[in-house]
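Peer 1: Pasting the sequence and the predicted coordinates here, then a few questions.
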Amino acid sequence: MGWWQRFSAGLREYYIAPYRRTFARAKRDEEDLFMMLVMSEALGVPNPASGVTLELLPEMLDRMHDWHIRQGMDNSPFDGMSCC
């Protein structure tokens with residue numbers, strides 16, 4: 001790695017480091033919104049795209065526990081699916 005690449009990497013780190021936590025929080029908030037959209041039909045919220053989001057449900061089940069804990073729910077909000 002040349003000096004220019006090291007300098008560029010250091011400069012990039014200098015400017016990105018203060019915002020890393022903000023970027024991570026924004027990403028987590030976006031994932032939470034997406035999870036709610038996918039799970040909305042099961043939560044009782046009408047979803048016009050439920051046919052498309054139904055295909056994503058098995059992928060989201062792995063992350064459901066972390067999601068409902070972040071949303072302040074002690075237990076799973078779904079009767080048929082318990083993760084705790």
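Peer 2: Ah, there it is.
Peer 1: how far out from the middle of the chain is stretch 28-47?
Peer 2: Relative to its parent chain, stretch 28-47 has a centroid offset of 11 Å by C-alpha atoms, centre = their mean, to the nearest Å.
Peer 1: One more: stretch 11-30?
Peer 2: 15 Å.
Peer 1: so how far does that stretch reach from one end to the other?
Peer 2: 28 Å (C-alpha to C-alpha, to the nearest Å).
Peer 1: can you list the weak-confidence ranges in this structure?
Peer 2: Low-confidence segments of the chain, defined by pLDDT under 70: 79-82, 84.
Peer 1: What ranges does it have for its helices?
Peer 2: 3-16, 20-43, 50-54, 57-61, 64-70 (DSSP state H).
Peer 1: out of those helices, deepest packed?
Peer 2: Comparing those by mean neighbour count (mean count of other C-beta atoms under 10 Å), helix 64-70 comes out on top with a mean of 16. For every residue, glycine as well, the C-beta is placed using N, CA and C.
Peer 1: Can you tell me which helices and strands that one packs against?
Peer 2: Contacts defined by 3 or more C-beta pairs under 8 Å, 6 or more residues apart in numbering; DSSP states H and E place helix 64-70 against helix 20-43.
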